[in-house]
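S.K.: Test case, fold it:
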Amino acid sequence: YIQTGNTIGVMALVGLSAVSVASYSTMPDELDLVRPYERYPLHRGASQRTLLAYLPREQQQAYMESMFLAESTQKLLSEQLERIREQGWDYTEEQLSMGIWAMSVPIFYTTGRIAGDIFCSGYVSEIKPAVKEERLKQLQQLASRIQHQMYLLD
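M.R.: Numbers count the residues shown, from 1 in each chain. Model (predicted):
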């Protein structure tokens, strides 16, 4: 985060919630975007939707029904989750906070189940295609290193 000037963090899947495990921010404290150990809904924001995307379909459906999402919203969300799985990452702009983008990459247990994700975020005004591409590459490398360490522990 010091090199990029962006916020970086890790979300873990706990039940059917995203929990912030760690977050390091370069943004002013008053934004208070992600607080460690707070729970967040799985269907909003890149750092949460990645977790939902890699759950089994029946768990995704149970989650959406538990949130009382309209059928049209469930359909749109299902399409977004499929896209996330296909590309292997998620990106959103201004979904949770005005002026803020977020990107996330999944982290898996050795069994292949989703464990969590690593995310970064910053100001929309500062994100350019080349920066977005570089952040994605960095997140993918970090996720790979984390997964490698998890495999060594298993």
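
S.K.: tell me the centre residue of the chain?
M.R.: Against the mean C-alpha coordinate of the chain, by Cα atoms, centre = their mean, the closest residue is S47 at 1.8 Å.

S.K.: what packs against the lowest-mean-pLDDT helix or strand in the chain?
M.R.: Of all helical and strand segments in the chain, the minimum by mean pLDDT, DSSP states H and E falls on strand 39-40, at a mean of 81. Using 3 or more Cβ pairs under 8 Å, 6 or more residues apart in numbering; DSSP states H and E, the elements in contact with strand 39-40 are strand 17-24. C-beta: built from backbone N, CA, C; applies to glycine.

S.K.: For the helix ranked longest in the chain, list every residue counted as buried.
M.R.: When the chain is parsed with DSSP state H, its longest helix is helix 129-153. Residues 135-136, 138-139, 142-143, 146-147 are the ones in helix 129-153 that count as buried (16 or more other Cβ atoms under 10 Å).

S.K.: all strands for this protein, in order.
M.R.: For the chain, the strands defined by DSSP state E occupy 7-14, 17-24, 39-40, 90-93, 100-108, 114-123.

S.K.: Tell me the spacing between the nearest residue to L52 once chain neighbours are set aside and Q141.
M.R.: In space, and not counting its chain neighbours, L52 is closest to L42: 4.0 Å by Cβ to Cβ, 6 or more residues apart in numbering. Distance, L42 to Q141, using Cβ to Cβ, to the nearest Å: 25 Å.
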